[in-house]
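1. The following block contains a protein sequence and its predicted model.
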Amino acid sequence: MKKINLSISGCMGRMGQQLIKSSKINKNFKLISLTEYKILNKRILGIRPTTNNEEAFKKTNVIIDFTVPKCTIEILKIASKLKKRVVIGTTGFSKKDEVLIKKFSKKIPILKAGNMSLGVNLLMYLTEITSKSLGKNFLSKIYEVHHKHKIDYPSGTALMLGKGVADGQNKNLGYLMGKKYLNKKSFPYSKKINFNSIRKGEVIGEHEVKFSSGKEIITLNHESFDRALYSEGALTAAAWLMSKKAGLYSMRDLLNFK
């Protein structure tokens, strides 16, 4: 089997570093370029990181991006011109960014996920089913914990779970979006979906969805213990994307959840 040429953007970030480790182990990939927001005077696995540019991505098959929205859009512009596939793990996009991503997906295959974990995507699927089954008699809220370095909140995963609740009720998440709390010890249920984000220590990721009728509570949750599960999921997504036509895909498409 011919190896897949891989580029990793944000190579010095937490996920970038983990992706480098995972790609070194995965025999399906050949790491050919690394990018960062500034040129680094060092080599990583024999590769000198550069800024995002056409030359960096010229020989790649797929780019995996865990950076910030501004950088992701920059990468998509280059990838669209070169007809390269992109796996996006970046979160915190604005509505304008989301529109641009959809626009680029008409030209190239893009897989975008707020979380690359199989378990988390199963949790989202179960959240949707639970929301649909319980109906309007239950209120819901979402709790998440991440390391102190994470800036955006609620996390992309928490928003994915919120979408799961909304989809289960055939409603738009924007309509059901409630209050967004940060570092609160407790937070209430409401007719909307309230979110509470905790930022502390070096926690990799915890997510919890609660449904309450006032008489009983149903809890769905997931905990991450090793960042490798995200990088391995991203590499699985990259390999899967190789056979796809232009379009915007998700981990749900990869996992074939109906």
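-> Alright, I've got the coordinates.

2. Could you report the pLDDT at Ala234?
-> On pLDDT, Ala234 comes in at 96.

3. same thing with Lys42?
-> For Lys42, pLDDT reads 89.

4. Tell me which residues touch it, please.
-> Taking C-beta atoms under 8 Å, 6 or more residues apart in numbering, we find Lys42 in contact with Arg48, Pro49. For every residue, glycine as well, the C-beta is placed using N, CA and C.

5. contacts for the helix or strand where Ile75 lies?
-> Secondary structure assignment for Ile75, by DSSP states H and E: helix 69-82. With contacts defined as C-beta under 8 Å, 6+ apart, helix 69-82 is touched by 9-10, 35, 37, 52-54, 57-58, 63, 65, 67, 84-86, 88, 90, 92-94, 97, 100-101, 104, 107-108, 110.

6. just stretch 159-179 next, same as before
-> Contacts of stretch 159-179 (C-beta under 8 Å, 6+ apart): 91, 113-115, 120, 123-125, 127-133, 135-136, 140-142, 154, 187, 190-195, 207, 209.

7. Now restrict the contacts of helix 69-82 to buried residues only.
-> Using 16 or more other C-beta atoms under 10 Å as the burial test, those include 9-10, 35, 37, 52, 57, 63, 65, 67, 84-86, 88, 90, 92-93, 97, 100-101, 104, 108, 110 as buried.

8. Can you list which of these are found in strands?
-> Ser9, Thr35, Ile63, Asp65, Arg85, Val86, Ile88, Ile110 (DSSP state E).

9. which residues does the second one contact?
-> Taking C-beta under 8 Å, 6+ apart, we find Thr35 in contact with Ser7, Ile8, Ser9, Gly10, Cys11, Pro49, Thr50, Thr51, Asn52, Asn53, Ala56, Ile75.

10. still on that earlier bit, among the ones in strands among the buried ones among the contacts of helix 69-82, which pair sits farthest apart?
-> Thr35 and Ile110 (17.3 Å; C-beta to C-beta).

11. Tell me the buried residues in the helix holding Ile75?
-> Result for helix 69-82 [16+ other C-beta under 10 Å]: buried residues Pro69, Cys71, Thr72, Ile73, Glu74, Ile75, Leu76, Ile78, Ala79, Ser80.

12. Kindly export it (C-alpha atoms) in CSV.
-> This file holds the C-alpha atoms of helix 69-82, laid out as CSV (Å, rounded to 0.1, in the frame of the first residue of the first chain):
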residue,chain,number,x,y,z
PRO,A,69,-9.8,29.7,13.1
LYS,A,70,-7.7,32.3,11.3
CYS,A,71,-5.0,29.8,10.5
THR,A,72,-7.5,27.2,9.4
ILE,A,73,-9.1,29.5,6.9
GLU,A,74,-5.6,30.4,5.6
ILE,A,75,-4.8,26.7,5.1
LEU,A,76,-8.2,26.1,3.4
LYS,A,77,-7.4,28.9,0.9
ILE,A,78,-4.1,27.2,0.0
ALA,A,79,-5.6,23.7,0.0
SER,A,80,-8.4,24.7,-2.2
LYS,A,81,-6.0,26.1,-4.8
LEU,A,82,-3.8,23.0,-4.7
